[in-house]
Every structure is written in structure tokens, then in C-alpha cells.
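# quick one: sequence plus predicted model below, questions after.
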Number of protein chains: 4
Amino acid sequence: MSYPMPDAALGVALIGTGFMGKCHAMAWRNVATVFGGAHPRLELLCDVPDDRARGFAAQFGFARASADWRAAVTDPAVDVVSITTPNGTHRMMAEAALVAGKHVWLEKPMALTLADARSMADLAARHPGQVTILGYNYTRSPAFRQACVLLRAGDLGTPLAFRGDYDEDYSADPELQWTWRLTLREGGLGALSDLGCHLVSQMVALMGPVAEVTAITQIAVPVRPSPDGPKVVENEDSAFALIRFASGAQVSFATSRVARGRKCRLQWEVHCTGGSLVFDQENMNELWVHRSGEAGFTRHLTGPEQPDFAAFCPAPGHNFGFNEQKVIEARDLCSAIAGGPPATPDFAAGLEIERIIHAMAGSQGRPVAIDTGPGA
Amino acid sequence: MSYPMPDAALGVALIGTGFMGKCHAMAWRNVATVFGGAHPRLELLCDVPDDRARGFAAQFGFARASADWRAAVTDPAVDVVSITTPNGTHRMMAEAALVAGKHVWLEKPMALTLADARSMADLAARHPGQVTILGYNYTRSPAFRQACVLLRAGDLGTPLAFRGDYDEDYSADPELQWTWRLTLREGGLGALSDLGCHLVSQMVALMGPVAEVTAITQIAVPVRPSPDGPKVVENEDSAFALIRFASGAQVSFATSRVARGRKCRLQWEVHCTGGSLVFDQENMNELWVHRSGEAGFTRHLTGPEQPDFAAFCPAPGHNFGFNEQKVIEARDLCSAIAGGPPATPDFAAGLEIERIIHAMAGSQGRPVAIDTGPGA
Amino acid sequence: MSYPMPDAALGVALIGTGFMGKCHAMAWRNVATVFGGAHPRLELLCDVPDDRARGFAAQFGFARASADWRAAVTDPAVDVVSITTPNGTHRMMAEAALVAGKHVWLEKPMALTLADARSMADLAARHPGQVTILGYNYTRSPAFRQACVLLRAGDLGTPLAFRGDYDEDYSADPELQWTWRLTLREGGLGALSDLGCHLVSQMVALMGPVAEVTAITQIAVPVRPSPDGPKVVENEDSAFALIRFASGAQVSFATSRVARGRKCRLQWEVHCTGGSLVFDQENMNELWVHRSGEAGFTRHLTGPEQPDFAAFCPAPGHNFGFNEQKVIEARDLCSAIAGGPPATPDFAAGLEIERIIHAMAGSQGRPVAIDTGPGA
Amino acid sequence: MSYPMPDAALGVALIGTGFMGKCHAMAWRNVATVFGGAHPRLELLCDVPDDRARGFAAQFGFARASADWRAAVTDPAVDVVSITTPNGTHRMMAEAALVAGKHVWLEKPMALTLADARSMADLAARHPGQVTILGYNYTRSPAFRQACVLLRAGDLGTPLAFRGDYDEDYSADPELQWTWRLTLREGGLGALSDLGCHLVSQMVALMGPVAEVTAITQIAVPVRPSPDGPKVVENEDSAFALIRFASGAQVSFATSRVARGRKCRLQWEVHCTGGSLVFDQENMNELWVHRSGEAGFTRHLTGPEQPDFAAFCPAPGHNFGFNEQKVIEARDLCSAIAGGPPATPDFAAGLEIERIIHAMAGSQGRPVAIDTGPGA
């Protein structure tokens, strides 16, 4: 696939300077180094308070700083807004950016509620000339994209089944303090929107549209300490789902933020009529491929035969990194702006992911149809 | 745990000489070598035709042979009957053996239908002096039993979740011929009774009683060639389930006989409040243990600190084998006869496993309660 | 390869009932069960004191017991003597058995000194009608034999290099008591004769004759406690070697009994012009194969396409065990007696292994030629 | 450890735009983003021909371009010169840069010959105010630095042994064309200076000074095709070594560029009196740690508790990448310029590495002492 890059510099504003904020900054600084095209102009960095914004603007190499995120939207030198702030701000910022005519790079999950996500997708649909892209970075890695290529090429036959888990243990300690992130109103969903949506993003890219989900959820630590005494946890620590695909393929799916010992265990396997694929993000440089007739699984170490790897390194087995996924994400965005392949998942595709995780959250053990048709 | 062994030789009859028949024979020949007690007398081997029975009696070291399985039941020199014949014969043979006063070692699955299994469990309950044990060999391995010990000791806290798969690919080739094993009437369930029941046997041993299952099933190859033309496959190639335990723990569960590249992939992980366990039968000599506070998972190679290993080998890391699981199974049976710990799963516990897999087979995506109380 | 088995029962005596004694007993009891032929008669078990001999004779199913090992040699009902006693007794017992006309199954290492091994090989050469075989069980596993088959078939091209280690940690604790095993006079070599000789046995089977070795050795714990105060350790805790093969291939080789965390880490890789093989005994059911043109290494799980596996189990991925290697070893011995393929390593081939490890022990960093020609 | 960063921007020139040239560029663009301090000024990019230099200057974001590498040395706006050109140019460029008063970041290996390396180290010693650093990127990764921390903290006791290999297969195909890189005069050493020196850099960092090496080397493909007919390969395809450390520890060491299936297999293990470490660069985000008393090896996934990781990512298990090692390398250089910890390996330490690989190349199976004392 060919990815044209912009001839003229894109003006960039970045809102937020945490985990993902820094990750976007590193990507903006190197997207043209790696993939060519005009280097973006890093115009404006927004965060609060003001001195934090100024400090990170200097560190990340942005020209200006502001404590008012709206500056990112109104600044005429800005073409693209990177939004990396808490989930509850996503709709407000992304919609303001769209209305102001900006392209939007938004971290996942798309929004707190399905209604918010629908509103955002609707608005994006009314701004077809502006690119939207969501931060589903795990769908960018060379190994994952090779998996997609192998499935689409049909070498492995027809996909029959998917088994996937995304587990971490950041909430496993019952002594961790309660936060607003654990509320439905301010935090939204739990493991499903932190982790599960990533697994959905990979699953859908590999397997196609979902027809039906049945899920159960669990709150493993129902009450947590706070300075005001124990408080109730409202969103799920883990979720388990059965999924039927439109294709007839079937799935077992699980996600947890209380899986002791798991750090970035986004793993899946796909069973096809003519072979299988196995992947685990904790060893993201290995894709395991089995073709019928072979003795077992073959370990494909990441290398230049995989999509996009060669732009980073010509030598196989030289490990690709988590942050470099974001450079590919930035390339996808820039290239879409330059007339290249559509960026994905955009807000429309992101809404499908939200539909699936919200269906899981609400299933309570009953099948829920996922309507993915036009006008759904 | 202490396992007294019989002082006097048990007379043994073996019915069947296939995969499991030979495996029982090897176990009978070495159970006393490994664990002490009187060596069993290998009295009678039954198979058809007659010369096959005679040939294997000589090879396995049995004194006599018969083409009539009923000889095993009526022979007064026989104390225990090993039944390793096709599933459709299990009820008939096991019930005849029980009625004749024999102890019964029966290969899994217990029976073709849940009604058969109920009948067998009822009959066994009326013969409390006779030991029954089912061939759930994967619950015998030192690594698995260490996992049980760790969970029961409470070191890892309370179990929250289980993820399990048992996948093989023996039916993946669509060109494989149709057989009666693929019918509900003669073959019974498909992947669930070949493979899934093994995973259930481990899951229940680790996690306790199941309260509810919701499952979907799939026939990946709906029609297979036969000399009489294409014929329909009636039982499932794969099944996916959500499970709620009485304890509140939750499960994602899957099994498949069409998972390309998988050979004996009986894998699971248990997430507890204070740690996690991970196991894969394809590397059955490794148990992965994580305790909160440790950096990651620690690889426990099978060794003498695990239950029963030292009787086979004093040296850690010297791999335990699949067939040796069956020697422990024979020991469990012999010791129960000698007044040691009850053999498990016996027919009562086996019925619970059947209830679960038949509930999965019939769920069609709806929750099914598993009544495990007395008189269920 | 075809392995005829004896039509008439072989009479067996077993000397020793420790780790290897029990392992031989299990193998004797099942060799015919697995491979056919007449079941051996377990005639005589020798150990000291007398009641230990009697107890293990009962447990292992031997007809008679003796506290005098010479009974094994003089007993006319005995055809084969299994010798599993300490290394210092090997020459005495093996030579007595040969002189008495018995076949000999001797545990490794062959002897304490190279002179002893030479004497034994010379004597065996003068008794060509009697089979000798050494307990190099790791050369018997299906995965290892598949490796040999692959190399000999030439599919992988010409072997260029071998990297091998055999590490355990049974002597790592500096507080372990001094024993006579740590003396040159009574214990002989250290890690080289406990562990290194196993690695040599595999290496030579894979790569052919050694031309030259250069080695250094290390005593990591030079003094150990004893009831009589600290005593000096005389034999090596580890050894490191460079090896040139007659073929021109080159090797790095290491062995240690003080490698913390290693339990049975007999690992190697072979690089050939057209591919590579990788193996690790701690996961003895996996052979990793790479052929040029393939993306990476493919995991071959042990299965019926590997030599001898199908006699134990028809199903791939059902793990083969350490003790089962010994059943194949017994089969090799029995078949050689029955006119089948010569057992190997016999005393002549075992002497080559001894030459190599003694050359390593004496090298002190200087190259030592290994003369493997006739009359060497 | 604290790493102050420059307050004022450093002027940078980069010579070379291949594999390592791009890698340096990415590092220069992000070193301040990740670690703070003033962003470097990317002043000048040198390559031939002129339009290549201009093209990459634009892509990498350098202000100016030149086809004359000497411009990098004479340019008064340049403070640091990154040298990523073929090995035969290293001495010339590095010495010119030092004489001109520049700091030098030089890719490994240091030079073609030991004499060249000595000259360079001598010159650097006469310019103590200028920082030199060599591109031993594998010593920068968080997992490797954690290994160093663990060894220095003494938690694992005293190191006894090291086993290391660095294997790739880029020269395995015998049909690959002959190039000048395969000559001693223009290419210098073979696998030892491409790969082996990296392994030495890690080994010395972990184990301390080398006292003696004994090595053998191999040319697996002695003749290669060229447009002028077959030509002779002069430098080694592989090397095998025994090493004694000043500390008494011992080593087996091997490296190959013809190891089929290996891509970046820089693996080693360290056995200490109280534990062991295991690492493999192909899975560079895993460090395996065993402490005496624990059951086995524990998998440490890369995370924020490891040196420098948190500056890239706050979340454990989110894989660090090969290229990010170079950002740490750039940080080490910048911080040394800013008065932080000395950069290492500098030219003096690099000379030690060259001494060791040249001793290996010349050993021909004889022990060679490595004199590491003052004035050596």
C-alpha cells in the first residue's frame, strides 16, 4: 500500500501531556523522519496549569503553550489537534475541533457514553473533508498488520474462531484509592473502555463485523478506600463475552484490569480452515503462523517483510517498540490528509467499537444484536 | 497426602486395546513399581476379534484373553475392570461391572447421554463399597496438582477468573471421512465430550462448583465425504462458553477439534486476588506462578516438590510424561480400594462434568443453571 | 528402522535401586508392553543391605533378591545385567558380567578413569556376541532422534556449528556437605562426567567425530563443610570447551553443576548451511526447526511422526516423559540382542565419549587432539 | 543515577544516512522530548552524492546538507559529530572531529584495525574535554541496565560464568555476492566486528575485565560469486571463544553471521553464586531472573522500575524498541557533555573491546592474554 505524505507542513496542536501526550509528541517529531513528507509544525501545546503547558512545550519542542485547550481549536496555524486528555473531555474537544475545521487525532476510548460517540460520529460524517483517527495503536504494529495481510490474502482459508484476552493488573491491588475514574458518570466503562476496546479494534480488523454479543461482567473490588471513607466502584473490573460474527465465526473474549501479573497481555489467536495465527502484545515482535501441512507454529520475528517495519529499521529481529506504533498512527493520519488511504478507525469505525463494548457492558448474560448496517 | 496401597494383589481385567487401552496397560504394569503395594494380577484382556485379544494379552502381559467383554465382568479372579472402549459402550459395561461387584476404571467421557451418566451415577451410589474413577488424566499431573495445592492453601488469595481452552486439530481437515462418531446418536457430543470435558475436569478441580453456563457451538465442517456420498456432521466442532461459579468467579471457556496447529492445547489461567497461575498441557512440565509483589511469572519446572513427582524421579526438570499421569490415576484407584483417599472424579463427580458439557451443548446462547445440589 | 524384539524372555538382573535403578525397573516392566516381544523375566535384584534388596525386589517385581552383586553375574537364569550403582563400581561389575557371558546395560559415565573405560571397551571387543549399551537416555527421545534423522537426510545441508550447554544447579549451594563424590579418586570427574558426557553423547550423534578439544574448568566452591571440618573439592563444577570436528564444524560447549535455576538444561543448537535445529531437554517435547526460506523457527511438538513415539501414544502433543526414554533404551538393547540394529552407544562408542570429556578435563586451555582412528 | 541535560542547544552534524544514520537522526530528534534539556540544533547532514544529502537533510530535519564530510568537522555551528559511515572511514572522521574540537558519536566497530583503534583512543585521551561515545546500543536497553544493576547490587552473589552468543544469518546464503566488506583490508574482521563486539560490550559491562581469550574462527562460505568470477572471503563467518575474566569467572562465547534462522540473537546468561540472569535481544523486553531459593526463573517484563524506561512510557509491559536504545545513547552523550556521568563505552573503553575481538581473531586456538592495565 502506498502512503503519500503531505508536501506542506501541517500545523499541530497537542492537548494533554501525560502518557499519551508524550507519545503523540514523540510521534509528531519523527513521523516525517521515518516516512518522509514535510515535517509538521509543532504550533501549540495545551495543558493546565500554565507553567506545566510551558514546560512541556519546551520539552516536546512546541512553539507556543496555553492553559486553555480552546486555543488549540481556534488557532489558525493549527491544522490537526491531538487530544490526549481524560475520556470525559473527548467529545467536547473533538467536536469543537471538527466544527473549527481541524483534523482530529483522538485517543481511545472515543467517549464516555455511546450517545456521545454517536454524536461525534455524526458530526464527523458532516465534515467529510476532515480526517478523524482514533488512538488504537495496537492495530498499527508491523506484526499485527502482517496478520491482517495474511488473513485477507486467504492463504489460511476462512476464519472460524477467535480467542482473545486483554489483561492488565493495574487495578488488582484492593488498597488502591478510589478515584472518579471508577464511576460510570465520570469514568464511563471500566476494563472495557480501557483495555477491551483495544482488543475489539484488533478483532474487528481481523474478523470483520460483529453480529451479536453476550457478556457478563465482574467488579472484583467493589469498594475502595478514599479520604472520605470507603467508596463504591461502579464500573467493571473484568468482562467476558461470547461473540458471533456476521461471517459465522465465533469468539471467546475476555478483558480484565485485575489480572495479577499481566502487564500488556493483549493476546489472541485466530483459527482458520487452513491455518492459525497467534499473537501476544507483551511480545509484540513475534507473530506465530501455522499453515495446514506444516508441523507446528512458526515464529515470525518482526522484520522488513512486514508492513511499515523497513521505514524504521532494515534489519529483521531488531525489536519494534510500543511508541513506534504511534508513529505509524501519525503517518496514517498525515497520509489520509494528503489524499492517501482513509485513516482507520475513524469516528465512524470507532463508533462500531463503542457499540460493541457498550453492548457487552449492558448484556448481563443476554444476547445483544449489533446492528452495523447503514443508519444503525 | 498419604496414599496407602493394597497389600494383596488386585485382579485386573482390561477391555479395549487402543490408545487408552495401552495406556491403562502400561499403568497397571508400573503402578506398584512406582508407588509400592502388591503388584496387580493382570488376569484378562478383552477385545475383538479373538486373535487381537490374544495378541495384546501377550504384549501387555495379561494371563488370559477373551473376545467377550462380559468375561471381564463375570470372572471371579477380577477385582477391577478397566474400560477403554468407544463411548457408546461405557454405560453397558460399567453398569455390568458394578452389578457384578467390580471396581470400575472408566475412560471419559462417562457416557453418550446425560441420562446414561445419571443412571451410572445412581447405580454407583447404590454400590458404595466399589470404587469408580474416570480417566480424567490431566487432573493427575504433578504440575496440575501443585496448582490445586497452591489455590487451596490460599497463598494466592481468592480466585476471581478462569480462562481456559482445550484445542486440537484432529478434525480440521475437511477431507477427512465422515464416521459414526460425528452423529449425536452414536458419537454423542463432539469437541465437548472429547476435549471440553477434560477442561471442565480441571476447571472444577481448581475453581469449585459451576452455577451457570451460557454457550454457543459451531460445526465448522458441516458435511464430510463418505463412501455413500456426503454426510452431515451432527455434533459440534467447537464450543464457547461463559461460566459463573457458585463462588462468584467468572470464566471464558472454549474448546475445538478444528484448531489448526493445536495438538494438546489444554491451557488455562486463574486470576486470584493475590496472584495468578498459568498452565498449558503442551508444556505440561511448566507451571507459571505469579504472586502479587513479584515482578512477573515464575516458571516452576516439574520437580519433587510437586505431588507424586518424586515417586517417578528424584530430579527436578526431568520431564514427566503424559502416560505417567495414568500411573497416578491407577494409584488413586488402588489406594481408594485400599482405604485411602476417595478416587476422584468418581461417577458422582463425573456426572457433574457431564451436566456442564451437556448444558453447554444445549445452551444455544441462553444461560443454563447448573443444579449441583443433592438430588440434582 | 525396524527393531525385532526377542521371541524368548530375557532373564534380567538389576544392581542398584536409586534414581536410575528404579528407572531401569520401570523400563524392564514395560519394554514389551510398548514394543512387543517376550516380556523379560525379572530374576534378581541386588542392593545392600539385604532387606533393601528384598523390599525393592518386591516393589519392582523381581523374583529374587541378593545383597551380593556377584549373584547377578553368576546366576544362570540371568541374561542381562543392569548396572546402576556408583561410578566407581562400574568397571568391576561390567567386566565381571562380560566375563560371565552376560549382556550389559550400564549407566553412564562408563567409569571413573579413562584407563578403566579403555579396559572395559577392550574386554567388550573380545566378547562381540554380548551386547553392551550405556545409559545415554537423552539420545533416545523421539525429538532427539528426529533431529538426527533431519540432519542425516541432508535437508538442512551441512552442519557448520554446534552450541551446547548442559547445566544443573544441584551443587550450587556452598553449604552442601562435602562427599567422596567430589574427589578425583573416588568420584572421578565432576560436571563433565555427571552432565557433560550426556551433552557429548548428543553432540557426537548429531555432528560426528571430534578432532580436537580445548577446555578450561572451574571449581566454583573450592571447599565444602564436612563433619571433620572443611574439605577440598577436587573435581570441576563447570567446564567450557571449544571443539573442532573432523568435518570442519566448530563448537562451543559448556557444562555446569552450579548454574543456579537450571534443572535439566541440556540445550543445543545446530547451524547448517540450509537450516538450523534447536532443542532444550527441559522442554523435551519441542524440537525447533528452521529451513532456509522459511520465516523463522517452527515448533515441532513431539508426535507420531517422530521415531518411536507412536509406540507410546498415537496422539501428537501428548508429552513424552524422561522415564520413557529409558524404555526406548531397553528396546535398543533387547533388539540388539535379538539381532536388530547395534545398540549405541556401546562400550566402544562410550570410550569415545570418555576420551572427549577426559581431554576436556586435562586440557587446561591447550588444544588436545582426539584420536578416534582404529587402535586409538 | 542522575543525568543532567544541556541547557543550551548542541549543534549536530550527522555523517551517513543508512541504517544507523536514520537511527541517529530519530534519536537526535527525540532525545530532549524524552529526557528534557535543550533540543539539539540539527545543523548539517553529510552524505554522497549531494542530492542524497539534501534529500535526507529535509527528511531528517537538518538545516543544511553537504556531500563533503569534512564540512561536519569544520562547521563552527557544530558541537557533536555523529559518524555512521562504513568502518574504514571511522578513524579518519573521528580523528578529524576530535582535532577540530568536536564531541564524537561513532558507530561501532571503532575501526578496521587494532592500530587504528589505538590511535583513536590515544587522540581522545589528549582531548579530555571532548566526549566520545560508541554505538553499543544494546548496552542501553532498560532490561540490560537492570541486569547490570542487579549484578552490581550483589543480590545474586558473585558472577561465576557467562554464556553468550550473538548470531544472525545475513551471510548464510552462499549465493550472496562477494563485497569488499569480506576483505580484511577494507572490511576488517567479519562476524567479530559486526556482531561479536556487541556481545563483548555487554559481557564486559556485566562481568568486568577480561584476562585471557582462546578462540577459533570459521569461514563457512570461503568463496562467493562476483561479476568478475568467484572471489575469496577473507574474514570470519563465525568465532568461538573461551574467556577467563580477571575475577576468575569463565565464559563460553560464540558469534556467527551464518546462523540460519537467527536475526538478532544476542543472548547470554550469567550464573552467580546466588542466582542467574538470562537475556535474549530478540525478546529484549524480557529479563529472566532467578534467585536461589526461588522455584525457577521469573520473567521481568520491561517496565518503569528499570533504568530509563519511565521516560519513554509509564506502563509496564509496553514494549521498548530497538531504536529507542539509541535515544538513551544520545542522552548518555548529551548528559556527559552537560557534566553528567561519563559516556561509556568511550574510545578508551572501546579500545578494550577491540583488543578482545582482535585477540579472538588472532588466537587460532591458543590462549592470548588481554593486558588491560594502565599503558596497555
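Received the coordinates, thanks.

# report all helices and strands that the lowest-mean-pLDDT helix or strand in chain A contacts.
Lowest by mean pLDDT, DSSP states H and E among the helices and strands of chain A is helix A:184-187, with a mean of 94. In terms of contacts (3 or more Cβ pairs under 8 Å, 6 or more residues apart in numbering or on different chains; DSSP states H and E), helix A:184-187 is packed against no helix or strand at all. Just so you know, the C-beta spots here come from the backbone N, C-alpha and C atoms, and that holds for glycine as well.

# tell me which helix or strand comes right after that helix.
helix A:191 (DSSP states H and E).

# now do that next one: distance to the chain's middle.
Remark: helix A:191 is offset 14 Å from the chain centroid, using Cα atoms, centre = their mean, to the nearest Å.

# can you list the residues that contact stretch A:341-355?
Stretch A:341-355 has contacts (Cβ atoms under 8 Å, 6 or more residues apart in numbering or on different chains) with A:1, A:3, A:94, A:104, A:106, A:108-111, A:114, A:117-118, A:120-121, A:123-125, A:131-134, A:136, A:139, A:197, A:200-201, A:204, A:209-210, A:332-333, A:335-336, A:370-372, A:376.

# tell me the buried residues in the least confident helix or strand of chain A?
A:Gly187 (16 or more other Cβ atoms under 10 Å in any protein chain shown).

# may I have the residues that are in contact with the residue nearest to A:Arg52 when sequence neighbours are not counted?
The shortest distance from A:Arg52 to any non-neighbouring residue, by Cβ to Cβ, 6 or more residues apart in numbering or on different chains, is to A:Thr17 (6.8 Å). By Cβ under 8 Å, 6+ apart, A:Thr17 lies in contact with A:25, A:45, A:47, A:52-53, A:56, A:60, A:84.

# select only the buried ones of the residues you listed in ChimeraX?
In ChimeraX, a selection of the buried entries from the contacts of A:Thr17 looks like this (16+ other Cβ under 10 Å):
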select /A:25,45,47,53,56,60,84
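
# list just the nearest of the contacts of A:Thr17 to C:Trp288.
A:Ala25 (41.0 Å; Cβ to Cβ).

# who's in contact with the residue nearest to that closest one when sequence neighbours are not counted?
Nearest non-adjacent residue to A:Ala25, counting by Cβ to Cβ, 6+ apart: A:Phe60, 3.8 Å away. When contacts are counted by Cβ under 8 Å, 6+ apart, A:Phe60 touches A:14, A:17, A:22, A:25, A:29, A:42, A:45, D:33.

# for the second one, phi and psi?
The main-chain torsion angles of A:Thr17 are listed as degrees, to the nearest 10 and equal phi -140, psi 20.

# ok, it to chain C distance?
39 Å (Cβ to the nearest Cβ, to the nearest Å).

# how near is that residue to A:Cys334?
The gap separating A:Thr17 from A:Cys334 is 21 Å, by Cβ to Cβ, to the nearest Å.

# repeat for the third one
With distances defined as Cβ to Cβ, the gap from A:Lys22 to A:Cys334 amounts to 19 Å.

# what about A:Ser276, how many neighbours?
By other Cβ atoms under 10 Å in any protein chain shown, 25 other residues sit near A:Ser276.

# mind listing what the residue minimising distance to the centre of chain A touches?
By Cα atoms, centre = their mean, chain A has its centre lying nearest to A:Tyr136, at 1.7 Å. A:Tyr136 makes contacts with A:108, A:197-198, A:201-202, A:329, A:345, A:353, as judged by Cβ under 8 Å, 6+ apart.

# same thing with A:Asp68?
Residues in contact with A:Asp68 (Cβ under 8 Å, 6+ apart) are A:Cys46.

# A helix includes it, no?
No. Read with DSSP: H, G, I helix; E, B strand; the rest coil, A:Asp68 is coil and lies in no helix.

# okay, the closest residue to chain D within chain A and D:Ala67: tell me how far apart.
Nearest to chain D in chain A, going by Cβ to the nearest Cβ, is A:Gly321, at a distance of 2.1 Å. The gap separating A:Gly321 from D:Ala67 is 33 Å, by Cβ to Cβ.

# when these two are compared, which one has more neighbours?
Shown here are A:Gly321 and D:Ala67; by other Cβ under 10 Å, A:Gly321 has more neighbours (25 against 14).

# go through the contacts of A:Phe60 and flag which are in strands.
A:14, A:42, A:45 (DSSP state E).

# for the first one, give me its contacts.
Looking back up the chat, that one is A:Leu14. A:Leu14 neighbours (Cβ under 8 Å, 6+ apart): A:21, A:24-25, A:28, A:42, A:44-46, A:60, A:62, A:72, A:81-82, A:84.

# quick one on the thing from earlier: pull the contacting residues for the closest residue to the residue nearest to the centre of chain A other than its chain neighbours.
With sequence-adjacent residues excluded and distances taken as Cβ to Cβ, 6+ apart, A:Tyr136 is closest to A:Ser201, at 4.0 Å. By Cβ under 8 Å, 6+ apart, the contact set of A:Ser201 is A:108, A:136, A:138-139, A:345, A:353.

# which of these fall within strands?
Those of the contacts of A:Ser201 lying in strands (DSSP E): none at all.

# mind showing which ranges of chain A have poor pLDDT?
A:372-376 (pLDDT under 70).

# please redo it, this time with the cut-off set to 90
Within chain A, the stretches with pLDDT under 90 are A:1, A:155, A:371-376.

# please parse it into its domains.
A:11-137, A:142-320+A:346-369 (automatic domain parsing).

# put together CSV for those domains, with distance to B:Gly188 on each row.
CSV is the format used below for the domains of chain A (distance: least, Cβ to Cβ, whole Å):
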stretch, distance to B:Gly188
domain A:11-137, 43
domain A:142-320+A:346-369, 21
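
# pick out the residue of the stretch 1-150 of chain A closest to chain C.
A:Gln146 (9.7 Å).

# how about the secondary structure of that residue?
helix.

# for the residue nearest to it when sequence neighbours are not counted, give me its contacts.
The shortest distance from A:Gln146 to any non-neighbouring residue, by Cβ to Cβ, 6+ apart, is to A:Gln306 (4.4 Å). A:Gln306 sits next to A:142-143, A:145-146, A:287, A:300 when contact means Cβ under 8 Å, 6+ apart.

# please redo it, this time with the cut-off set to 7 Å
Counting by Cβ atoms under 7 Å, 6 or more residues apart in numbering or on different chains, A:Gln306 touches A:142-143, A:145-146.

# want to try CSV for these, with neighbour count as columns?
Shown next, in CSV, are those (neighbours: other Cβ atoms under 10 Å in any protein chain shown):
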residue, neighbour count
A:Pro142, 27
A:Ala143, 24
A:Arg145, 19
A:Gln146, 23
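
# out of these, what pair is the most spread apart?
A:Ala143 and A:Arg145 (7.4 Å).

# ok so, going back, now do the residue of the stretch 1-150 of chain A closest to chain C against A:Arg163, distance only.
Distance, A:Gln146 to A:Arg163, using Cβ to Cβ: 19 Å.
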